[in-house]
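In: Provide a 3D model corresponding to the input given below.
(one chain, ligands or ions: 1)
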Amino acid sequence: MITRFAPSPTGPLHLGHAFSVITAHDRARAEGGRFLLRLDDIDRARARPEWEALIFEDLHWLGLSWERPVMRQSDRMNAYGAALDRLWAAGLLFPCTCTRRDIAEALSAPQEGAGPAHGPDGPVYPGTCRPDAPPAGPRPQDAVLRLNMARAAEDIAFDEETRAGAIRISRNALIGEVGDIVLARSGMGTSYHLAVTVDDAAQGVTHVIRGEDLFEATQIHVLLQRLLGLPTPIYHHHRLIRDDAGKRLAKRDDARALRTYRAAGETPQTLRAMLGLPPAT
Ligand code: GLU
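Out: This is a model prediction of the structure:
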């Protein structure tokens with residue numbers, strides 16, 4: 001078994017991250033497996049070395065250990081480029097020059113039926129730039145590239161430990177409810193969905209343990225695994241840790257940042273108890 005924790009160094013870790021990382025770490029330890037850490041730092045505009053240093057401090061304080069070297073997504077641009085090349089060569093990508101405003105306008109045009117669906121990445125793309133035939137020539141660099149979902153989608157299934165049985169998603173649901181998602185952002189050369197899929201496979205992750213908020217994204221990752229010939233791990237989407245008002249914790253919510261508990265003299269033991277997690281063994 002190989003599990004991982006993949007934080008983005010864009011803010012302090014909070015109680016929700018603690019729940020996630022302890023769950024993934026303890027599971028691997030309990031089953032004699034391996035626990036990996038990965039820094040999801042593709043968002044160069046928001047990733048900061050200070051946040052990265054704080055992640056290491058917090059995880060050490062929690063008493064966790066992980067394998068070295070730590071993978072960082074900013075070192076992996078060639079791997080993402082190769083994955084994009086493969087999808088491009090298969091005719092599954094198209095460049096998109098729409099602004100958010102273009103998309104909003106296209107979606108607000110009168111239409112029959114229930115109106116625009118919302119997918120894991122926001123409103124389902126209205127198809128404004130989608131060509132009839134796959135674009136010819138080499139893959140444009142530094143362009144926004146979308147997945148042509150009608151060409152790419154197939155029926156998929158994956159195992160989810162917190163729900164009984166396999167999750168099945170039909171080709172039609174992917175087309176209608178996910179749509180032509182962005183796989184390469186301009187100035188980034190990749191996207192969260194592409195990077196996470198390529199890296200989980202490269203690290204040999206067998207069990208992806210993460211918050212319930214990423215459940216809807218998993219269908220995208222499983223489809224990308226099919227398209228790229230990568231194995232599908234087992235998924236485990238755990239409950240979210242909420243604040244007293246029942247809201248999901250956000251990075252800017254410093255009251256529940258691990259460093260705040262650390263500074264207040266809490267111990268990892270009390271934190272585990274607070275989260276309903278068993279003591280460290
Ligand atoms: N880097 C992502 C985040 O911090 C999580 C990646 C994942 O578990 O898929 O939200």
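In: wait, isn't residue 107 in contact with residue 127?
Out: No. Residue 107 is beyond contact range of residue 127, at 10.5 Å (criterion: C-beta atoms under 8 Å). Bear in mind the C-beta positions are built from the backbone N, C-alpha and C, glycine included.
In: ok, and for stretch 227-234, which residues are buried?
Out: Neighbour-count burial for stretch 227-234, with 16 or more other C-beta atoms under 10 Å as criterion, is recorded at 227, 228, 230, 232, 233.
In: which outside residues touch that stretch?
Out: With contact meaning C-beta atoms under 8 Å, 6 or more residues apart in numbering, stretch 227-234 is reached by 83, 86-87, 90, 92, 152, 158-161, 197-198, 200-201, 205-208, 222, 224-226.
In: cutoff 7 Å now
Out: Applying C-beta atoms under 7 Å, 6 or more residues apart in numbering, the contact partners of stretch 227-234 are 83, 86-87, 92, 152, 158-159, 161, 197, 200-201, 205-208, 222, 225.
In: ok, for residue 261, nearest residue in space, not its chain neighbours?
Out: Closest residue to residue 261 in three dimensions, ignoring its sequence neighbours and counting by C-beta to C-beta, 6 or more residues apart in numbering: residue 271, at 6.1 Å.
In: what helix or strand does the one you found sit in?
Out: helix 268-274 (DSSP states H and E).
In: List the buried residues for that helix?
Out: The neighbour-count check on helix 268-274 (16+ other C-beta under 10 Å) flags 268, 271, 272 as buried.
In: Could you do stretch 209-221 as well?
Out: In stretch 209-221, counting by 16+ other C-beta under 10 Å, buried: 209, 210, 211, 214, 215, 217, 218, 219, 220, 221.
In: Now render these as CSV, adding distance to the ligand and secondary structure.
Out: CSV is the format used below for these (distance: C-beta to the nearest ligand atom, whole Å; DSSP: H, G, I helix; E, B strand; the rest coil):
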residue, distance to the ligand, secondary structure
209, 8, strand
210, 4, strand
211, 8, strand
214, 5, helix
215, 11, helix
217, 7, helix
218, 9, helix
219, 13, helix
220, 11, helix
221, 8, helix
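In: What residues sit buried inside whichever strand or helix holds residue 20?
Out: In this assignment (DSSP H and E), residue 20 forms part of helix 15-30. By 16+ other C-beta under 10 Å, the buried positions in helix 15-30 come out as 15-29.
In: With just CA atoms, put that helix into CSV.
Out: The C-alpha coordinates for helix 15-30 follow below in CSV (Å, rounded to 0.1, in the frame of the first residue of the first chain):
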residue,chain,number,x,y,z
LEU,A,15,-7.3,20.9,11.2
GLY,A,16,-8.8,19.5,8.0
HIS,A,17,-5.3,18.9,6.6
ALA,A,18,-4.3,17.3,9.9
PHE,A,19,-7.2,14.9,9.6
SER,A,20,-6.2,14.0,6.0
VAL,A,21,-2.5,13.6,6.6
ILE,A,22,-2.9,11.6,9.8
THR,A,23,-5.4,9.3,8.2
ALA,A,24,-3.2,8.6,5.2
HIS,A,25,0.0,8.3,7.3
ASP,A,26,-1.5,5.9,9.9
ARG,A,27,-3.1,3.8,7.3
ALA,A,28,0.2,3.1,5.5
ARG,A,29,2.0,2.5,8.8
ALA,A,30,-0.7,0.1,10.0
